[in-house]
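Student: based on what follows, work out the 3D shape:
(chains A and B)
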Protein chains: 2
Amino acid sequence: MAAVAAAMRWRLLQVISVAVLGASGTPQPPNILLLLMDDMGWGDLGVYGEPSRETPNLDRMAAEGMLFPNFYTANPLCSPSRAALLTGRLPIRNGFYTTNGQARNAYTPQEVVGGIPDTELLLPELLKGAGYVSKIVGKWHLGHRPRFHPLKHGFDEWFGSPNCHFGPYDNRARPNIPVYRDWEMVGRFYEEFPIGQGQMVCSSPQEALDFIKRQQAAQHPFFLYWAIDATHAPVYASKPFLGTSQRGRYGDAVREIDDSVGKILNLLQDLRIVENTFVFFTSDNGAALISAPKEGGSNGPFLCGKQTTFEGGMREPAIAWWPGRIPAGQVSHQLGSIMDLFTTSLSLAGLEPPSDRVIDGLDLLPAMLQGQLMERPIFYYRGNTLMAVTLGQYKAHFWTWTNSWEEFRQGIDFCPGQNVSGVTTHTQEEHTKLPLIFHLGRDPGERYPLSFASTEYLNVVDRITPVVQQHQEALVPGQPQLNVCNQAVMNWAPPGCEKLGKCLTPPESVPEKCSWPH
Amino acid sequence: MAAVAAAMRWRLLQVISVAVLGASGTPQPPNILLLLMDDMGWGDLGVYGEPSRETPNLDRMAAEGMLFPNFYTANPLCSPSRAALLTGRLPIRNGFYTTNGQARNAYTPQEVVGGIPDTELLLPELLKGAGYVSKIVGKWHLGHRPRFHPLKHGFDEWFGSPNCHFGPYDNRARPNIPVYRDWEMVGRFYEEFPIGQGQMVCSSPQEALDFIKRQQAAQHPFFLYWAIDATHAPVYASKPFLGTSQRGRYGDAVREIDDSVGKILNLLQDLRIVENTFVFFTSDNGAALISAPKEGGSNGPFLCGKQTTFEGGMREPAIAWWPGRIPAGQVSHQLGSIMDLFTTSLSLAGLEPPSDRVIDGLDLLPAMLQGQLMERPIFYYRGNTLMAVTLGQYKAHFWTWTNSWEEFRQGIDFCPGQNVSGVTTHTQEEHTKLPLIFHLGRDPGERYPLSFASTEYLNVVDRITPVVQQHQEALVPGQPQLNVCNQAVMNWAPPGCEKLGKCLTPPESVPEKCSWPH
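Tutor: This next block holds a predicted model:
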């Protein structure tokens, strides 16, 4: 029934479009490709002003598509932002947060017990209702225990890893990360999949290209989620790209990704399916300045980076590409969110988002196809804490924090070279009564809070306050998934390890509170 | 004779180009338009990543032309950088500096006695040798006393002001700035030319458009130097642009400039002279962060701004446009300098630069027409002090200073929100023995000096040291022009004041050392 309703809705959408016929002769909804980068910053692409201008394919994608300069992730860290993308819901709702401390960033290292709850509906699960075949190539990061396996959450195929090549590990204290093909592991990093031979092991572009070809041949609408990890430290690039960038190793990785994106777009053109394939490029969080300059990217003019709720931590490069449908060379100032990719993808498939839960994502098709601007808030959470909200051009900080003095004094700095007095604080500063407000148009770098006494400030408070109240009053936080850690849940014996003789013996189960320092 | 030789040289250049016939039927060298912004930063254009993306005409200019992400001014302040542009020589050579203190920025406020020396050869003077008619529209800033008048230094026409609308003044302690048409003043700001009615009084785009039309009709090759002041505080925009930018008043001014640039490029197209007109857009120094956020621009990812020799103070937006000659949509990583516009313009005119003096500007035509990359140093001076040098990707700082602690504690901050330990210093720190070295590709924000012990550092020192030694050993500083101030030299009675009944009586002449605090 869902599939029929979806086909009906899709047929309505086709009124403004060229119908593409599937194998059955019925109109086929567009293929969907989400290209998700890891720790790539807003300022890392030529089209976003990166001075070395080494991303000709992504710049071309923007020239042929629509650029979103005001596009945000849902969290300044990888696991929660990925969970938000695939559920269309804030991490505070879908459980990808911790209550072990206030405003703590949490993710899914091997010892985390939690992962994506079965109660969450993921994009590929829903797209099945419209006949899509879905594949994830690359980094999953929504939990590594068998119950969290992507094929249990709607994907039909997987090549990649729960975490990609975090390490290095030595397979005694911590098992090396497994690489999966579909249900079973096919090896481990540092063992069958040596690190240093090239970035693309975990998120092989060839896997992406092959999937596209197969689905096109089979006349299936497809969803490809290419979650490439190459720009996350430790940064790797394949030999042909090593030493080719003006930006060092990080730039080599960006160049290889750019090259792969070019190959994907070219394949779509060669297969003549560009008009029936929606492609969106973005990143999971801001550049990891803690890894700069050798293994971290650029957040352009924005403040701080990954781990923070300043613009550098959460504003992302974003390009939509759908030649013939999305007008070429456009810039949309729509405030966009990574969660919108969930709702927009459903809309493309002719599906309604689930009605039994709050969905935070908007359908961006009116912005993309008709140039509409929709007012909506962007919420900046850090763990269980609403740190800030942006509405229109104004951003209000209710809490400010980079990291603790203790960490900072150890050299852990999320804002290297940047220091805005009273803003980049090393104690958790509460501003809920009197938020710090910035005009992001005049002051994208969040350096000049509006005067509390100004009419502008008072007007903004009047506009933002009810939006925040409404959000907080209606909020039902999900069960936090990232509170409990246990050495026994690590990747000791993933499915498939028996065939390879690669099963390790887990230690005794000792559940404990995870420690999230920032 | 010079004109004949120039015509000969130009004819040689025509081998690779379409000959354009002048009134006499002989090949005519290309028209030259230099569009010089005031305090506009590297990050202020959409094509350089400005998030609001409000410069469609300049972005189009880049798409149709060549972008230079690594283009520099010759000084982080307006007068010296303008003197360098028009002489092709560093301010330390052409006299636009002070020896009243070490590393002090100096310019030409009304009380300055000096200005452009008669011994300097300015671009319009030389272009006369190839038959060019030259006009300056806007801000001159090379001295306001009669001997420094632009028509005494090669320009045939002027509409504009020595300083544009610096103020406000009250015409008692300091005379209001005169507006000139050619030899004589036609009024003063705040009097005949009210401020607040629009930015374009001083640098009227209509004056630029009219000049182009007249010269085209007369079949003269022309040089137009459009030195627009709108983005210098106090920032103004005309009524149709007020309130139209996402960036506030500063953005309104940028939008109006962008609109005017569009009008100029469109006129060249309407007149069908694009293939015989070379246009270059750049700025005199980095954005004045001291005036941000309301009246200052953006230096994108770079450190600090105007007044400093960090990248934010001296790296400039730069676009070359010459459809049919310069390939469209190109990016050149040539290290370019504002002084290159002197030498390149002479080359376009078929003229050799003067051989009796050191010229610092390079001919950029090989970079523009053939995509060549030429190795050359960029020298960063502040007054009489060589602060830094860039060679290839490496920048070496020999001195670091933003401003004094005294000024900084008063709230004068050239690096708001930025603080790189040991780099953005408030005492003049000498590093001549052991320069601070940055790799600008990996670290454009100058946040991570190379380790002194690294092989990379030692190799860079070995490359840069002889370049600096050679430069300093050969350097013959010009007579400093910005040492002496005198209330009596202000614009009390400019030429033409009698006709208008606008002459004021100067006070007694009391020469004194100018005070340059930073």
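
Student: every contact and neighbour count from this point should use C-alpha atoms.
Tutor: Fine.

Student: so which residues of chain A form helices?
Tutor: Across chain A, reading from the start of the chain, the helices by DSSP state H fall at A:2-13, A:56-64, A:78-87, A:91-94, A:123-127, A:205-218, A:249-270, A:311-314, A:340-348, A:365-370, A:405-409, A:455-474, A:497-500.

Student: switch the ones you listed over to a markdown table; also include mean pLDDT and mean neighbour count.
Tutor: Putting the helices of chain A into a markdown table (pLDDT from 0 to 100; neighbours: other CA atoms under 10 Å in any protein chain shown) gives the following:
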| stretch | mean pLDDT | mean neighbour count |
| --- | --- | --- |
| helix A:2-13 | 50 | 17 |
| helix A:56-64 | 98 | 20 |
| helix A:78-87 | 98 | 28 |
| helix A:91-94 | 98 | 26 |
| helix A:123-127 | 98 | 24 |
| helix A:205-218 | 96 | 17 |
| helix A:249-270 | 97 | 21 |
| helix A:311-314 | 98 | 31 |
| helix A:340-348 | 98 | 24 |
| helix A:365-370 | 98 | 16 |
| helix A:405-409 | 97 | 12 |
| helix A:455-474 | 98 | 14 |
| helix A:497-500 | 97 | 13 |
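
Student: so which of the ones you listed is nearest chain B?
Tutor: Evaluated over the helices of chain A, closeness to chain B peaks at helix A:249-270, with 8.0 Å, by CA to the nearest CA.

Student: report the contact partners of the closest residue to chain B within the stretch 151-300 of chain A.
Tutor: Across the stretch 151-300 of chain A, no residue is closer to chain B than A:Arg247, which sits at 4.2 Å (CA to the nearest CA). Listed by CA atoms under 8 Å, 6 or more residues apart in numbering or on different chains, the contact set of A:Arg247 reads A:52, B:441-443.

Student: quick check: residues of chain A near chain B?
Tutor: By the rule CA under 8 Å from any CA of the partner chain, the part of chain A lying against chain B is A:43, A:47-53, A:69-70, A:246-248, A:251, A:293-294, A:298-301, A:331, A:333, A:393, A:416-421, A:441-444, A:447-448.

Student: and these, which of them are in strands?
Tutor: Applying DSSP state E to the residues of chain A next to chain B, the entries found in strands are A:Val331.

Student: show the buried residues in the residues of chain A next to chain B.
Tutor: Neighbour-count burial (16 or more other CA atoms under 10 Å in any protein chain shown) applied to the residues of chain A next to chain B gives A:43, A:47-53, A:69-70, A:246-248, A:251, A:293-294, A:298-301, A:331, A:333, A:393, A:416-420, A:441-444, A:447-448.

Student: so A:Arg93 makes contact with A:Gln481?
Tutor: No - counting by CA atoms under 8 Å, A:Arg93 does not reach A:Gln481; the two are 10.7 Å apart.

Student: quick one on the thing from earlier: make TSV out of the helices of chain A and add distance to B:Ala106.
Tutor: Formatted as TSV, the helices of chain A follow (distance: least, CA to CA, whole Å):
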stretch	distance to B:Ala106
helix A:2-13	64
helix A:56-64	41
helix A:78-87	49
helix A:91-94	54
helix A:123-127	61
helix A:205-218	56
helix A:249-270	39
helix A:311-314	36
helix A:340-348	52
helix A:365-370	50
helix A:405-409	39
helix A:455-474	37
helix A:497-500	72
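
Student: so which of those helices is nearest A:Leu142?
Tutor: The minimum distance between A:Leu142 and the helices of chain A falls on helix A:78-87, with 6.0 Å, by CA to CA.

Student: quick one: residues contacting A:Gly441.
Tutor: With contacts taken as CA under 8 Å, 6+ apart, A:Gly441 has the following neighbours: A:393, B:51-52, B:246-248.

Student: can you list the residues you listed in CSV and add distance to B:Leu267 and pLDDT?
Tutor: What follows is those, written out as CSV (distance: CA to CA, whole Å; pLDDT from 0 to 100):
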residue, distance to B:Leu267, pLDDT
A:Gln393, 35, 97
B:Pro51, 29, 98
B:Ser52, 27, 98
B:Gln246, 28, 97
B:Arg247, 28, 97
B:Gly248, 29, 96
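
Student: between those residues, which is nearest A:Cys514?
Tutor: Nearest to A:Cys514 among the contacts of A:Gly441 is A:Gln393, at 37.0 Å by CA to CA.

Student: ok, that closest one to A:Tyr381 distance?
Tutor: Note on A:Gln393: its distance to A:Tyr381, by CA to CA, to the nearest Å, is 18 Å.

Student: over to A:Pro76?
Tutor: Distance of A:Pro76 to A:Tyr381, computed by CA to CA: 8 Å.

Student: what do these two both touch?
Tutor: Where contact means CA under 8 Å, 6+ apart, the residues bridging A:Pro76 and A:Tyr381 through contact with each are A:Thr309.

Student: which one's more surrounded, these two?
Tutor: Here A:Pro76 and A:Tyr381 are compared on neighbour count by other CA atoms under 10 Å in any protein chain shown; more neighbours surround A:Pro76, at 32 against 25.

Student: for the more buried one, grab phi and psi.
Tutor: Listed backbone geometry of A:Pro76 is phi -80, psi 20, with angles given as degrees, to the nearest 10.

Student: which residues touch it?
Tutor: For A:Pro76, the contacting residues are A:105, A:284-286, A:305-309, A:313-314, A:382, taking CA under 8 Å, 6+ apart as the criterion.

Student: what about 6 Å?
Tutor: Counting by CA atoms under 6 Å, 6 or more residues apart in numbering or on different chains, A:Pro76 makes contact with A:285, A:306-308, A:313-314.

Student: A:Ala173: which of those residues is nearest?
Tutor: Here the nearest of the contacts of A:Pro76 to A:Ala173, counting by CA to CA, is A:Gln307; it sits at 26.7 Å.

Student: okay, now the closest one: neighbour count?
Tutor: The number of residues packed around A:Gln307, counting by other CA under 10 Å, is 29.
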